[in-house]
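Trainee: dropping the sequence and predicted coords here.
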Amino acid sequence: MYNDISSADTYFTTRMGAEAGWAALTTAEKTSRLTTAYNRLKYSGAFTLPDSPTAIQLTVLRIAECEFAWYMHIHLIDEDKRLGLQAQNVEEADIVGETYNEELINNLPIPAIIKKMLKSYSNSKPFYASDIDRDENESVNTEVGQFT
């Protein structure tokens, strides 16, 4: 884990909406949430995180871990239910009015704020376009219309 209980407690005293909820958890519950958040970040495949982070990196990693711990505190039970349905190849749940995207079934949810915080560690491959040698004198930015 990037946080110990003390550093997480300090963070959550200033995190809007989590102060009382985090304080009400036992030490074991806090540890389980931080451990699960760390494991999700480390083993999701979405990021390559440093094994020995610098002090600056550690600051960001601690915040991301706390935010993920809080996200899972609130949403993990519902997430597990949905992922369980998806693992059973359920494509649509009429009762709750949900349709599951096949591409997302094998991906664990990561909140957008955490993706932003850890963007420099992301394993996603950016898409690039560049000019190539060709017979025309047009760039890749040229709008293409009807061909005659």
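Mentor: In hand now; what should we look at? Numbers count the residues shown, from 1 in each chain.
Trainee: could you give me the buried positions within stretch 69-77?
Mentor: The neighbour-count check on stretch 69-77 (16 or more other Cβ atoms under 10 Å) flags 69-73, 76 as buried. Using the backbone N, CA and C atoms, a C-beta is placed for each residue, glycine as well.
Trainee: return the member of these nearest to residue 8.
Mentor: Proximity of these to residue 8 (Cβ to Cβ) peaks at residue 69, which lies at 7.1 Å.
Trainee: for the buried residues of stretch 69-77, give me JSON lines that also has secondary structure, distance to residue 112 and pLDDT.
Mentor: Formatted as JSON lines, the entries for those read as follows, by DSSP: H, G, I helix; E, B strand; the rest coil; distance: Cβ to Cβ, whole Å; pLDDT from 0 to 100:
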{"residue": "69", "secondary structure": "helix", "distance to residue 112": "16", "pLDDT": "94"}
{"residue": "70", "secondary structure": "helix", "distance to residue 112": "14", "pLDDT": "94"}
{"residue": "71", "secondary structure": "helix", "distance to residue 112": "10", "pLDDT": "90"}
{"residue": "72", "secondary structure": "helix", "distance to residue 112": "15", "pLDDT": "87"}
{"residue": "73", "secondary structure": "helix", "distance to residue 112": "18", "pLDDT": "88"}
{"residue": "76", "secondary structure": "helix", "distance to residue 112": "17", "pLDDT": "72"}
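Trainee: report the residue spans of this protein with pLDDT below the cut-off.
Mentor: 77, 80-107, 126-128, 130-138, 140, 144-148 (pLDDT under 70).
Trainee: how about the strands in it?
Mentor: Along the chain, counting by DSSP state E, strands occupy 92-93, 98-99.
Trainee: count the residues that sit near residue 79.
Mentor: When neighbours are counted by other Cβ atoms under 10 Å, residue 79 registers 14.
Trainee: residues in contact with it?
Mentor: Contact analysis of residue 79 by Cβ atoms under 8 Å, 6 or more residues apart in numbering lists 72, 109.
Trainee: and it, how close does it get to residue 49?
Mentor: Going from residue 79 to residue 49 by Cβ to Cβ, to the nearest Å gives 21 Å.
Trainee: kindly report the same for residue 143.
Mentor: Counting by Cβ to Cβ - residue 143 and residue 49 are separated by 42 Å.
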